[in-house]
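*Asks:* Take this sequence and fold it.
(2 chains)
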Amino acid sequence: MNVPINYLAVLVAAAVSFIIGGLWHGPIFGKAEMAGRGATPEQLAAGPKPKPAQMVSIFVVLVVVAWVLALFSGYLHLATWLQGLKLGVACWLGFSTTTFLIEHIMTSGRKSSVFYIDVSSWLITYVVSGVLVTVWH
Amino acid sequence: MNISIDYLSVVVAALAGFILGWLWYMPLFGKAYRSARGITAEMEAEGRKDMGKTMTVIAVCLLIMAWALGVFVGYTHLVTWMQGLKLGALCWLGFAFTYGWIETMTSRRKMGAFFIDAGYWLVTMVVMAIIISVWR
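*Replies:* Model prediction:
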């Protein structure tokens, strides 16, 4: 099962996802998400403050997501952006939303706004990475 | 692109995931999990009221996951249990482990809960992928 992988595309996909995710969980929906997770008024006033260790591990995780998508894309011989988009959506629907929804329903005291913000952020990550690693391989 | 999916294998795989979940979060790691996530007896009693809804959502999610694995098995023509194991492990690494890790890093959650959750998904996804692969 040898599949050629364009590691530059994997890294770029992870970087783009990282930037969009940063905007998504920061200026765009950061405060709504904190409120939904039960943040105190002081924490809310300060806004989201991710630690450097969190940022690094999030980037590493996004590289892993893009790498696995690239592996599937290569193994399935996908080439067009539409195929990449379908791959991203299928993986998001099949594995990301499912694990996420179970996690959400089993966690008490969390608002559904958190679920929608997170799940939409993952959709963007999967689609961006799926399309990028497919068209640029 | 037409692929054949054996829906019976998808349903059986989802059912296996459901039974595994019960074993995993009740007799096996139930106690450790509740303490790691700080779930009290009152919270549990509260949660039991919505048990029907919760179980339905879990069953539907497991069906969707098994179906997605079935699509991959169909596209890639996997047939052996080893191929199924690899597919399940890869999907877990790429899509379940990754999400759990970010969730753990960005919330005040104990590592114990992460290992129990991630372990459950690894076992479940591997078992599902093997069932669907060897069934055909």
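
*Asks:* The helix or strand of chain B with the lowest mean pLDDT and chain A, any residue contact?
*Replies:* Ranked by mean pLDDT, DSSP states H and E, the weakest helix or strand in chain B is helix B:41-49, scoring a mean of 78. Yes - using C-beta under 8 Å from any C-beta of the partner chain, helix B:41-49 reaches chain A at B:43, B:46, B:47. C-beta here means a position set from N, CA and C on the backbone, and glycine is covered the same way.

*Asks:* pretty sure the last one is in contact with residue B:54, am I right?
*Replies:* Pointing back at residue B:47 there. Yes - with contact defined as C-beta atoms under 8 Å, residue B:47 counts as touching residue B:54 (7.2 Å).

*Asks:* For residue A:98, the count of nearby residues, please.
*Replies:* Using other C-beta atoms under 10 Å in any protein chain shown, residue A:98 has 25 neighbouring residues.

*Asks:* try residue A:20
*Replies:* Under the criterion other C-beta under 10 Å, the count of neighbours that residue A:20 has is 15.

*Asks:* give the contact list for it.
*Replies:* Contacts for residue A:20 (C-beta atoms under 8 Å, 6 or more residues apart in numbering or on different chains) come out as A:121, A:124, A:125, A:128.

*Asks:* State the pLDDT value of it.
*Replies:* Per-residue confidence at residue A:20 stands at 94 (pLDDT).

*Asks:* any idea how far it is from residue A:13?
*Replies:* Applying C-beta to C-beta, to the nearest Å, the value for residue A:20 to residue A:13 is 11 Å.

*Asks:* Common neighbours of the two, please.
*Replies:* With C-beta under 8 Å, 6+ apart, residue A:20 and residue A:13 have common neighbours residue A:128.

*Asks:* need the contact list for residue 44.
*Replies:* Went with chain A since none was named. Counting by C-beta under 8 Å, 6+ apart, residue A:44 has contacts A:31, A:34, A:35.

*Asks:* Sorry, I should have been clearer: chain B.
*Replies:* Contact analysis of residue B:44 by C-beta under 8 Å, 6+ apart lists residue B:34.
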